[in-house]
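Visitor: Quick one, what's the 3D model for this:
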Amino acid sequence: MASLPSKLPRQQQPPFPGTVVMFQPFSSSAQASFWQELAKLKVDVLGLDQTPLPITGTYAALVASSPARTPTPATTLPARLTVGIESLSTSSSAAAAVRADAGGPLPPQLSLAKECRVPGIVQNFNTDEAFRAFNKKDWLDRLGQDIWGDITEEGVEAAVLKDLGRLARFAILCFADIKRNSFVYWFAFPVVVSNPPFRHLSPPILLSGNSGSGGGGWKGNAFFSDAECLLLHNGFQAFRQRRLLETGDPSCPPFFCIFRSLTVSASPARAQDEASSSLSLEICSCDAFEKLDEDQRTRQDVMFGFIDPGTVPLAPGWPLRNFLLLLANRWRLKEATVLCYRGRVTSLAPADFATAPSSSSSSLSSAEAARAMGESFVLRTALQPLSSPSSSSTTTSPSSSPSFSSSAIHSSPFSLVTKGWEVNKGKYMPRRIDLSSMMDPIRLAEQSVDLNLKLMRWRLLPALDIPLLAQTKCLLIGAGTLGCSVARGLLGWGVRDITLIDNGKVALSNPVRQSLFEYADCLDGGKPKATAAAAALKRIFPGVLVEGHVMTIPMPGHPLVSEADQANARKDIEKLDGLVQECDVVFLLTDTRESRWLPTVLAAVHDKMLLNVALGFDTFMVMRHGAQSLFHSPVSSGKGRTSNSGSSRSSISSKVDLDRIGCYFCNDVVAPEDSTKDRTLDQQCTVTRPGLAPLASALAVELMVALLHHPLRLRAPADGEQGEELGRRFEDDPDRPLGILPQQIRGFLAHFTMILPVTRAFEHCTGCASVVVEAYRKEGAELVVRVCNGQGVLEEMTGLAQMRREADAMDMLWLDEEEEEVGGAVEGVEWGLGGIAIDDEFGGKEKEGCKKEDVDGGKGDGNGNEAVVDPAMVV
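Guide: As a prediction, the model looks like this:
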């Protein structure tokens, strides 16, 4: 066997000449950050792709912290190969930064350049079954074929000469159970088995006589004197400096050549036996040996060196195996002297980048350099090329198997034997690690929340923009039945920034219908809904940024009588205005019709996406408001009324504005007013089927997500069953990755049906008409106070009053004509309170001077004390 057993006997004597060289195997050290980064890469980038990924690993010479202590089986440390978060980074070259900042501060990635960096691959399987069923023996054999191909590749431009770290390559098979943060993995450190094995020509010799441990109890002569150790240290530092400037690679070279020459000088006045000699060492990369011809290789006194990660005295580490194979089969050497370096590797200082490489200067003394060699030793080994009975070897094309090289695999004239699977508890078996207990609970929750969304991108919805949703700021006006359901839906879609507004308190009847509240919230008069809902969201998901604001929305028809009321209203208006400006999406989830007016105006003023949700007993409406025209230039005359005599539109810009989709109030011919007046208890409270609010809330959230994925966002054309000029019908559209974008969704639970009407913007709308928007921009809170205190302000401003006067005049003219024909008697018309009956747009009767009766029977449309339902609910 050419590898050490798992339990090592205490080594009192060095190996005898002719004995087989024993190598200490690698042990893996996979940091938690590596698995976390791999899981992130799997979810965010790879998806179902099982293609092997190129990675890097590092190892270093382990200097004993207590040199005087003799290693024993109980204290011997493993030879570690480490992978961390940087192993998955593709930006490993720092050449440009080094050249640009020569002489300046040392870049952070170069400050710990004591490790050797070697290439590797990781193949992650989608299922545990695939991991277990994978043919691991064939895979390891193919890796061995790759190594043999590197060794036998001809020419000075061979890839292995440019990166000898390929001889110490490694591979990982794994299955990442992302849901449980558990990983099953198996490291392989492939080596091609030499046949015949490598054998010692002489006992290994310690490099320095000042190592301290004496090679595990063995006492012998040192290979180098203290002065020669200093030459070696300085020469190695000079080689590293040249390598860094030439290639930009700050890592420690894993293999190198040492050319030795002895200079003899004698004074003419001295006798021959008084001649002096001096040793010079030149350390360089192994491609220098490749360039020598056979005669030069024979005459040159050369040693080969490698950074030895091993810890067993006088037993070389695992990377030497494939390097000796290269010496025997590429350069056909019969024997080799190898320096197994286990000393300290000094980091390059910033000054090393500005000065020319030099091997003559050092801050160390000869004795210090000798002690720095640590447990380094020199071994002489016999080499022979591979020999085996000729047989056909199994080869696999690189395209069908994981490979380190894109070139064709070099087939050998005999079967290669490859070994290198890591041993776990004395057996060849995978390892398992569970990171769930090591992770920050909040961070773990964030990853788990996003997991479902990221899995959508693997197959079903590649266009899903998860960062966009996470950055979207949502303002929920109303924290009752609808507000609670909408907030939960937003969390499910990964929205991280939610603000809630409500002025109510949690009542005993609320928790069974409003999912963010519980019985404890109702005690002592009830907690404020906005803050209680915000606290509940924080408990559900600590990573959410959530605020709750207790405030009252000023409403038309609710006069602000005192100066204090008006002052408080102005503060609330300014606060609400600021919250609307800061958000990206507004959800309008209030109880009454009039409470929706100010948020509708603010969303139009600040050009925000607004989604309106209203409930009846067994009906619901989800509506997105149309955006303001980007080219609107209103032409007004009279008392704020848009000029509309003769031609309905006087400019192209006005026509564009009127062709947009409407808002919640565009279906109305009356301004919003106090809808809670003269209502019975069943009309004041929300009387609705319990399943209606979650259904409507879910549709509102889904509509928001679909709109955010359209290039035009809130200006996306509407799909629906009406209005061909307003949008396209049910088309396959790359701009609609989540489906169609209706303006309205009206549901009828009694029939389990929904319709998708589209409403055109109404030029006399009291909520989104340009004249109202411009008036708010000029007057601000004063406009709202004026609307709340003055009856008919909005009607006069928007032209509704004038339109109704004209309609009344037309009705009176028609009645006069009828009276003349019938003799002045009109039968079948009942007048009430002196009003004039006219047909409204739904074919019903309305009385001027009286409040228009709700077409849905006055049932609730929101979360608490509802008094009126959208008249557009009738189709």
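Visitor: Give the rounded mean pLDDT of stretch 207-215.
Guide: Averaging pLDDT along stretch 207-215 yields 61.
Visitor: Repeat that for stretch 492-506.
Guide: On average, stretch 492-506 scores 95.
Visitor: tell me which residues in that stretch are buried?
Guide: 493-506 (16 or more other CB atoms under 10 Å). (C-beta placed from N, C-alpha, C; glycine too.)
Visitor: Equivalent analysis for stretch 533-551, please.
Guide: Under the neighbour-count criterion of 16+ other CB under 10 Å, stretch 533-551 has 533, 534, 536, 537, 540, 541, 544, 546, 548, 549, 551 buried.
Visitor: partner strands of the helix or strand harbouring residue 279, parallel or antiparallel?
Guide: Element membership of residue 279, judged by DSSP states H and E, is strand 276-284. If you go by DSSP bridges, strand 276-284 pairs up with strand 255-265 (antiparallel).
Visitor: On the C-terminal side of whichever strand or helix holds residue 149, identify the next helix or strand.
Guide: Following DSSP H and E, the helix or strand that holds residue 149 is helix 136-152. Per DSSP H and E, the first helix or strand lying C-terminal to helix 136-152 is helix 159-162.
Visitor: Now do residue 320 against residue 415, distance only.
Guide: Counting by CB to CB, to the nearest Å, the separation of residue 320 from residue 415 is 23 Å.
Visitor: Could you pull up the contacting residues of residue 495?
Guide: 469, 470, 472, 474 (CB atoms under 8 Å, 6 or more residues apart in numbering).
Visitor: looking at the sheet around the last one, what are its partners?
Guide: For residue 474, the beta-bridge partners under DSSP bridges are residue 498, residue 585.
Visitor: Can you get me the start-to-end distance on stretch 476-484?
Guide: Using CA to CA, to the nearest Å, the end-to-end distance of stretch 476-484 comes to 9 Å.
Visitor: what do you get for stretch 514-531?
Guide: For stretch 514-531, the end-to-end distance is 14 Å (CA to CA).
Visitor: Buried ones in stretch 778-790, by neighbour count?
Guide: Neighbour-count burial for stretch 778-790 [16+ other CB under 10 Å]: 781, 783, 784, 785, 787, 788, 789.
Visitor: pLDDT score assigned to the first one?
Guide: Reported pLDDT at residue 781 in the predicted model: 93.
Visitor: Isn't residue 674 up against residue 558?
Guide: Yes: look at residue 674 against residue 558 with CB atoms under 8 Å: they come within range, at 5.9 Å.
Visitor: Give me the common contacts of these two.
Guide: residue 594.
Visitor: Please identify which of the buried residues of stretch 778-790 is nearest to residue 796.
Guide: Ranked by distance to residue 796 (CB to CB), the buried residues of stretch 778-790 are led by residue 787 at 10.8 Å.
Visitor: Pull the contacting residues for the closest one.
Guide: Taking CB under 8 Å, 6+ apart as the test, what residue 787 contacts is 556, 597, 793, 794.
Visitor: and with 6 Å instead?
Guide: 556, 793, 794 (CB atoms under 6 Å, 6 or more residues apart in numbering).
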